[in-house]
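# with the input below, show me the fold.
(one chain, ligands or ions: 3)
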Amino acid sequence: MRAWDTEAVRCALRLYLVMGSVNTTRDPVEVLHQAIAGGITMFQFREKGTGALAGEARVALAWRLRKVCSQHRVPFIVNDDMELAVQVEADGVHVGQGDADAALVRARIGEGRMLGVSAHSALEARRAVQAGASYVGVGPMYPTRSKADAHAVLGPAGVAELRAAGIAVPVVGIGGIAPDTAAAVMAAGADGVAVISAIAGAADVRAAAAQLAAIVSGEQA
Ligand SMILES: Cc1ncc(COP(=O)(O)OP(=O)(O)O)c(N)n1
Ligand SMILES: Cc1nc(C(=O)O)sc1CCOP(=O)(O)O
Ligand SMILES: [Mg+2]
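Ligands and ions are numbered 1, 2, ... in the order given. From the prediction side, this is the model:
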C-alpha cells in the first residue's frame, strides 16, 4: 500500500470522477474505462441513492471498478463505507460531516490510505485536518441534481474562504461543476475538481473527461 503524501494527493485530486451505478445508464465499468482514457486522476465509488445496488451486488461492482483502477494506476476511493474500503483494498475513503467520525475512520484505515472529508467552512476543514484528513472536499460549488441532500451552494468563494483562513491541505471542489465553471473553481484555489454528471452523464465520456482535464491543467480556457 503506497503512502499518500501531500503532493501525491494534490496530483490525484486534479480530475476526480465520483460515480455509482445510478449515475449512468451504461455499464459503470465501461464508463470508468472511458473516463480513465480521457484523463481522470482519481475515482470514487459512490453507490447511493434511489436504485443503488446493495449487498453482494454492490461489493461485486466495487471489486470490478477497483480492478480497472488498479490496471491503470488510478487511485480508487470508497465513499462513506470504511469497511468496504478495507475489503476491496481501496486507496482511501471519503466521509462527510454526517458520516463516521473522521478520526475513527483514520484509525480504521491506517496511515497508508487517503482520507477525504467534506467541509463547508474553514472551521470544518481545520477540524478535518486535525482528525487526519488527507484532503477536503468543498461544495456544492454550484447547484447539483446528483446529491439530494446537498448543502446550500457555496460557489468558488467556499474554496477561497479556506485558503484565506490558511487551510493549505489539498482541496477539491465538488457540486455542479462543468467545463464552463471548472476554471473558476481552480482559480479560487482548488487543487482539482470532482464531478459526477459532467463525465458520467456525458454522451462521449472520454471526450468530456479530456475536456475537463485540459481545463484543470490550464491547457484550455
Ligand atoms: C470528493 C467528495 N467531496 C464531497 C463529497 C460529499 O460527501 P458527503 O457530504 O458525505 O455526501 P455523500 O457523497 O456521501 O452523499 C464526496 N462524496 N466526495
Ligand atoms: C457527491 C456530491 N457532494 C457534494 C457536496 O456539496 O459535498 S455535491 C455532490 C454531487 C456532485 O455531482 P455533480 O457533479 O453531478 O453535480
Ligand atoms: Mg458521505
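# residue of this protein closest to ligand 3, please.
G96 (3.7 Å; Cβ to the ion). In short, each C-beta sits where N, CA and C put it, glycine included.
# just checking, that residue touches S118?
Yes: counting by Cβ atoms under 8 Å, G96 touches S118, with 3.9 Å between them.
# and the longest helix that the chain contains, how far out from the chain middle?
Longest helix of the chain, by residue count under DSSP state H: helix 55-72. Counting by Cα atoms, centre = their mean, to the nearest Å, helix 55-72 is centred 16 Å from the centre of its parent chain.
# gap between whichever residue of the chain sits closest to ligand 2 and A221?
In the chain, the residue that lies nearest ligand 2 is G139 (2.8 Å; Cβ to the nearest ligand atom). Plainly put, G139 is 23 Å away from A221 if you go by Cβ to Cβ, to the nearest Å.
# higher neighbour count, these two?
Set side by side, G139 and A221 show more neighbours around G139, with 26 against 8, by other Cβ atoms under 10 Å.
# got the contact list for the more buried one?
S118, H120, A150, H151, L154, G158, G173, I174, G175, A194 (Cβ atoms under 8 Å, 6 or more residues apart in numbering).
# run through those and flag the ones next to ligand 1.
Of the residues in these, proximity to ligand 1 by Cβ under 6 Å from any ligand atom holds for S118, I174, A194.
# can you tell me which of those are up against ligand 2?
S118, I174.
# got a ChimeraX select line for the buried ones in the ones next to ligand 1 among the contacts of G139?
Buried residues among these (16 or more other Cβ atoms under 10 Å), as a ChimeraX selection:
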select :118,174,194
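# export the ones next to ligand 1 among the contacts of G139 to TSV and tack on secondary structure and pLDDT?
Listed next are the ones next to ligand 1 among the contacts of G139 as TSV, based on DSSP: H, G, I helix; E, B strand; the rest coil; pLDDT from 0 to 100:
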residue	secondary structure	pLDDT
S118	strand	98
I174	strand	98
A194	strand	99
